[in-house]
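Asks: Predicted model, plus sequence, below.
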Amino acid sequence: MSFAPLSRAPTAREPLRIAQSALAVAGGLVAWVVLLGPLLTLLWHLGPHALVVALSAPDALGPAGTSLLASAVALVIVVAVGTPVALVIAERGGAVARILEASLLVVLLMPPLVIGLLLVFMVGPLTPIGGLLARVGLDATNTFTALVIAEVYEAAPYFVLAAAAAFAAADHDVVVQARLLGDSPWRAFWRAMVPEVAGELATALSIAWARAIGAFGAVIIVAYHPYGLPMQIWTTLNETGLPTALPYAVVLLVVALPFPLLAYARGRHARR
């Protein structure tokens, strides 16, 4: 004796669920197009031939090298100085941690152009700090040093606050266990804490990298020279117009995006 397969009768809510799914997909596609619209427009208006011609000019890629080197140096400084600050905020608590956190928020919320103006008063050539830096060959106005300083100020709050949140949410028992097994504080931090928050730290680094290599507001005030990519885009736009500036925008995206995308993939892998 055989039985015919039973088919589930459609419920009254099934058409509603289908309609909701269709609306969600349509909304997602619209949001995707809107968010990536500027990038799609850039690729639409800039053909491969125009890109090759523009970037084959003498020293056309010099600003890219300047931006990569300055951002790498800035990121090393941000990590070296910012990691202890993040640990204090995450683990110490109290008034000192809150003051540090509030100070970083103030820097983060300040317009980059204002940061640049204030840096002139802090490290300009006529200030005590600026004079001290000049004596050791690190003049902080329109130099590579000035570019690094501007990038550090624009990027550091993003890394420190994100790293502090990661350290605060970590399982500190693994560090305690490492210390009980005889590890020094530094060894316990490196072997137990860092792997625990590797994904979040990668995300914090990627944000800081994107902020550093794309820094413009503070840079245009204190480091007009040497040209990094944002300044190259700005000056080319002013001197010869939008079509000639677009290739440098592509270069900035090419050098800026791989690290954040790899960090995002690393973070996703670490959270599994």
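Replies: Nice, I can see it.

Asks: Give me the below-cutoff pLDDT ranges for the protein.
Replies: For the chain, the stretches with pLDDT under 70 are 1-12, 267-272.

Asks: Show the contacting residues for the most centrally placed residue in it.
Replies: In the chain, the C-alpha nearest the mean C-alpha coordinate belongs to Ile207, at 2.2 Å (Cα atoms, centre = their mean). Ile207 makes contact with Tyr158, Phe159, Ala162, Pro260 under the criterion Cβ atoms under 8 Å, 6 or more residues apart in numbering. All C-beta spots, glycine's among them, are computed from the backbone N, C-alpha and C.

Asks: Equivalent analysis for Leu40, please.
Replies: By Cβ under 8 Å, 6+ apart, Leu40 lies in contact with Val33.

Asks: go on, Val78?
Replies: Val152, Ala155, Ala156, Phe159, Val160, Ala208, Ala212 are the contacts of Val78 under Cβ under 8 Å, 6+ apart.

Asks: again, but for Val194
Replies: Residues in contact with Val194 (Cβ under 8 Å, 6+ apart) are Leu201.

Asks: what ranges do the helices span in the stretch 51-200 of the chain?
Replies: Ranges of helices in the stretch 51-200 of the chain, per DSSP state H, counting those that start in this stretch, are 62-87, 94-109, 112-123, 128-135, 144-169, 173-180, 185-188, 194-196, 198-213.

Asks: Looking at those, which is nearest to Tyr227?
Replies: Between Tyr227 and the helices of the stretch 51-200 of the chain, the shortest gap by Cβ to Cβ is with helix 62-87, which sits at 4.6 Å.

Asks: between that closest one and helix 94-109, how many degrees?
Replies: Helix 62-87 runs at 160 degrees relative to helix 94-109, counting by axes from the mean of the first three to the mean of the last three Cα atoms, to 10 degrees.

Asks: mind starting the numbering at 2 from now?
Replies: All set: I'll call the first residue 2, so the last point we hit is now helix 63-88.

Asks: can you pull the buried residues of helix 63-88?
Replies: 64-65, 67-68, 71-72, 74-76, 78-80, 83-84, 86-88 (16 or more other Cβ atoms under 10 Å).

Asks: my read: Ile90 touches Ala165, true?
Replies: Yes: counting by Cβ atoms under 8 Å, Ile90 touches Ala165, with 4.0 Å between them.

Asks: one step back: can you tell me which of the contacts of Ile208 has the most neighbours?
Replies: Among the contacts of Ile208, the one with the most neighbours (other Cβ atoms under 10 Å) is Phe160, at 29 neighbours.

Asks: follow-up on the earlier one: could you dump the helices of the stretch 52-201 of the chain into CSV with distance to Ala23 added?
Replies: CSV is the format used below for the helices of the stretch 52-201 of the chain (distance: least, Cβ to Cβ, whole Å):
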stretch, distance to Ala23
helix 63-88, 43
helix 95-110, 40
helix 113-124, 42
helix 129-136, 61
helix 145-170, 37
helix 174-181, 46
helix 186-189, 53
helix 195-197, 42
helix 199-214, 33
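
Asks: Indicate which one of the ones you listed is closest to Val53.
Replies: Val53 sits nearest to helix 63-88 of all these, at 15.0 Å, using Cβ to Cβ.

Asks: Check the offset of that closest one from the chain's centre.
Replies: When C-alpha coordinates are averaged (Cα atoms, centre = their mean, to the nearest Å), helix 63-88 and its chain have centres 11 Å apart.

Asks: now stretch 101-113
Replies: For stretch 101-113, the distance to the chain centre is 16 Å (Cα atoms, centre = their mean).

Asks: and for that stretch, what are the contacting residues?
Replies: For stretch 101-113, using Cβ under 8 Å, 6+ apart, the contacting residues are 86, 89-90, 116, 119, 154-155, 157-159, 161-162, 165, 216-219.

Asks: just the CA coordinates of it, formatted as PDB?
Replies: Extracted as PDB, the C-alpha positions of stretch 101-113 are listed here (Å, rounded to 0.1, in the frame of the first residue of the first chain):
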ATOM      1  CA  LEU A 101      42.000  59.400  28.900                       C
ATOM      2  CA  GLU A 102      38.900  58.100  27.200                       C
ATOM      3  CA  ALA A 103      37.200  61.600  27.100                       C
ATOM      4  CA  SER A 104      40.400  63.200  25.800                       C
ATOM      5  CA  LEU A 105      40.500  60.700  22.900                       C
ATOM      6  CA  LEU A 106      36.900  61.300  22.100                       C
ATOM      7  CA  VAL A 107      37.500  65.000  21.900                       C
ATOM      8  CA  VAL A 108      40.400  64.500  19.400                       C
ATOM      9  CA  LEU A 109      38.200  62.000  17.500                       C
ATOM     10  CA  LEU A 110      35.300  64.500  17.300                       C
ATOM     11  CA  MET A 111      37.400  67.500  16.300                       C
ATOM     12  CA  PRO A 112      37.300  68.400  12.600                       C
ATOM     13  CA  PRO A 113      40.600  67.400  11.000                       C
END
